[in-house]
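Asks: Predicted model, plus sequence, below.
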Amino acid sequence: MAENHRLPIWSAIHADPPLLVGIILLCAFGLFILYSASGGDAEVVQRQATIMGGGVLVMLIVSQFNPHVIRTWAPSIYAAGLGLLLLVLLIGVEANGARSWLDLPGLPSFQPSEVLKISVPLSMAWYLGSRPLPPRFKHLFWSAFIIVLPAALIIIQNDTGTAIMVAMSGVFVILLAGIRWRIVFFGIFSLLLASPAWYLFLAQEHQKNRILTFFDPYRDPTGAGYNIIQSQIAIGSGGIFGKGFGNGAQSHLDFIPESNTDFILAVLAEEFGLLGILCLICLYLFVLVRGFFIAYSARDMFSRLLAGSITLTLFFYIFINMAMVSGLVPVIGLPLPLISRGGTAILTLFISFGLLMSIQTHGKEMGK
């Protein structure tokens, strides 16, 4: 009797079951919290669910491509991202104080800067993955150029939060490439020395206000400090067990601005307390650990650098939002991944997950 060599459905569609389960659980958790944060607005939740469903489809499409094919596309994707950023400077649309959106005929509005969260680590992994490691000085110079150019264009759009995320996604590739620690410490020391000069001569007024508000939110309790004060009140009032689903006074009485985007964590903390936050952290840890495992087991340097950078960027994203909402870092306007309401940012995350699945599933095929 002939053996049945049919592949499992997961292998056939190039999906990684543990990562897929973690993502679906996070999406379900996010929709549950979003329903309360939006005041029971079913239309908002339905729209978010539709975007997430589209994101899953995009993730599975991306996972079909072999990492070696994706590697050859990296420079073109990077160039296309830069082109879109330049287009924003010419015909971009302003929203929430940042001119970072494109509204082209026949297409939904989107943020081209989100594309750079993918193209920068892709380009960095492409560039450093084929060179001797740890990287030499000339390679570090060109790596810095690859990172700084899009970050600078995004800063011009007045979107500092996204610029930081794009820059860090590239920096993580350099760190994973084995850069010497003395260079890392020198870079950190140089940034600290340059910070006062940046604050005095380059920082815009709203950036200075954010920094001053971080140190003392009550200097302007009804203005710049309002968001963080209300967020801290909501987190503190939730205690260990929270007030219950839909019973958050701070969010439902509209004390928390951006309660279903940047500050949705405050809604979770108020309604479900410390236990709700720990549940969310456990779901994130499950996805992060799987991402690190995929990076560790990758079969070539490009895949290892890319998977590691994607996972570290996701961790940085989560950490910065949670620290921002808690008042531990200045407010820079970053949503909570897969929990906050969003569009382009969510699709970008799913593309990242698709790359992780591609690295894991195609790596298994190579190892057979």
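Replies: Received it, and whenever you're ready, just let me know what you need.

Asks: drop to CA atoms for contacts and neighbour counts, all remaining ones
Replies: Noted.

Asks: For stretch 65-85, list every residue counted as buried.
Replies: Residues of stretch 65-85 classed as buried: 65-67, 70-71, 74-75, 77-78, 80-82, 84-85 (neighbour count, 16 or more other CA atoms under 10 Å).

Asks: hmm, I was thinking of stretch 240-251
Replies: 240, 242-243, 245-246, 248-251.

Asks: Check these for the minimum pLDDT and say which it is.
Replies: Taken together, the buried residues of stretch 240-251 show their lowest pLDDT at residue 251, with 79.

Asks: my read: it touches residue 261, true?
Replies: No. Under the criterion of CA atoms under 8 Å, residue 251 is not in contact with residue 261, lying 11.8 Å apart.

Asks: how many other residues sit next to residue 154?
Replies: Counted with other CA atoms under 10 Å, residues neighbouring residue 154 total 29.

Asks: Please name the nearest non-neighbouring residue to it.
Replies: Excluding its sequence neighbours, the residue lying closest to residue 154 (CA to CA, 6 or more residues apart in numbering) is residue 163, at 5.5 Å.

Asks: Now that neighbour: phi and psi?
Replies: For residue 163, the backbone dihedrals (degrees, to the nearest 10) come out as phi -60, psi -40.

Asks: Report the contact partners of residue 60.
Replies: Taking CA atoms under 8 Å, 6 or more residues apart in numbering, we find residue 60 in contact with 13-15, 354.

Asks: Residue 118 against residue 345, yeah?
Replies: No. With contact defined as CA under 8 Å, residue 118 does not reach residue 345; the gap is 10.8 Å.

Asks: between those two, who's got more neighbours?
Replies: residue 118 (25 against 21).

Asks: Would you list the phi and psi of that one?
Replies: Note on residue 118: backbone dihedrals following degrees, to the nearest 10 are phi -100, psi -50.

Asks: Ok, residue 50 next?
Replies: Dihedral angles (degrees, to the nearest 10) for residue 50: phi -60, psi -40.

Asks: State the distance from it to residue 346.
Replies: 11 Å (CA to CA, to the nearest Å).

Asks: now do residue 182
Replies: When distance is defined by CA to CA, residue 182 is 36 Å away from residue 346.

Asks: cool, and residue 213?
Replies: Distance of residue 213 to residue 346, given as CA to CA: 29 Å.

Asks: so where is the stretch 201-350 of the chain shaky, pLDDT-wise?
Replies: The stretch 201-350 of the chain contains no residues with pLDDT under 70.

Asks: what's the first-to-last distance across stretch 339-350?
Replies: By CA to CA, the extent of stretch 339-350 from end to end equals 13 Å.

Asks: The stretch 151-300 of the chain: strands as residue ranges?
Replies: Remark: strands of the stretch 151-300 of the chain are absent; assignment by DSSP state E, counting those that start in this stretch.

Asks: Tell me if I am right that residue 88 is in a helix.
Replies: Yes. Per DSSP: H, G, I helix; E, B strand; the rest coil, residue 88 lies within a helix segment.

Asks: Now do residue 140 against residue 163, distance only.
Replies: Distance, residue 140 to residue 163, by CA to CA: 19 Å.

Asks: Show me which of those two is the more surrounded one.
Replies: Using other CA under 10 Å as the criterion, residue 140 and residue 163 rank with residue 163 on top: 24 against 15.

Asks: quick one: that one and residue 155 touch, right?
Replies: Yes. In this structure, residue 163 is within contact of residue 155 by CA under 8 Å, at 6.0 Å.

Asks: In a helix, residue 340, correct?
Replies: No. Going by three-state DSSP, the assignment for residue 340 is coil, not a helix.

Asks: gap between the host helix or strand of residue 126 and the chain center?
Replies: Element membership for residue 126, per DSSP states H and E: helix 113-129. Going by CA atoms, centre = their mean, to the nearest Å, the spacing between the C-alpha centre of helix 113-129 and its chain's C-alpha centre is 14 Å.

Asks: Which one's more surrounded, residue 50 and residue 346?
Replies: Counting neighbours by other CA under 10 Å for residue 50 and for residue 346 shows that residue 346 has the greater number, 23 against 13.

Asks: Please report the distance of the more buried one from residue 338.
Replies: Per CA to CA, residue 346 is found 6 Å from residue 338.

Asks: hang on, residue 85 packs against residue 153?
Replies: Yes. In this structure residue 85 lies within contact range of residue 153 using CA under 8 Å: 6.7 Å.

Asks: so residue 307 touches residue 295, yeah?
Replies: Yes. Residue 307 lies in contact with residue 295 (CA under 8 Å); the separation is 4.8 Å.

Asks: okay, the two: which has more neighbours?
Replies: It is residue 307, of residue 307 and residue 295, that has more neighbours when counted by other CA under 10 Å, with 32 against 25.

Asks: How about the contacts made by the more buried one?
Replies: For residue 307, the contact set (CA under 8 Å, 6+ apart) comprises 291-292, 294-295, 355-356, 359.

Asks: helices or strands up against the top helix by length along the chain?
Replies: Longest helix in the chain, counting residues (DSSP state H): helix 264-297. Helix 264-297 sits against helix 17-37, helix 226-238, helix 249-252, helix 301-326, helix 344-366, with contacts defined as 3 or more CA pairs under 8 Å, 6 or more residues apart in numbering; DSSP states H and E.
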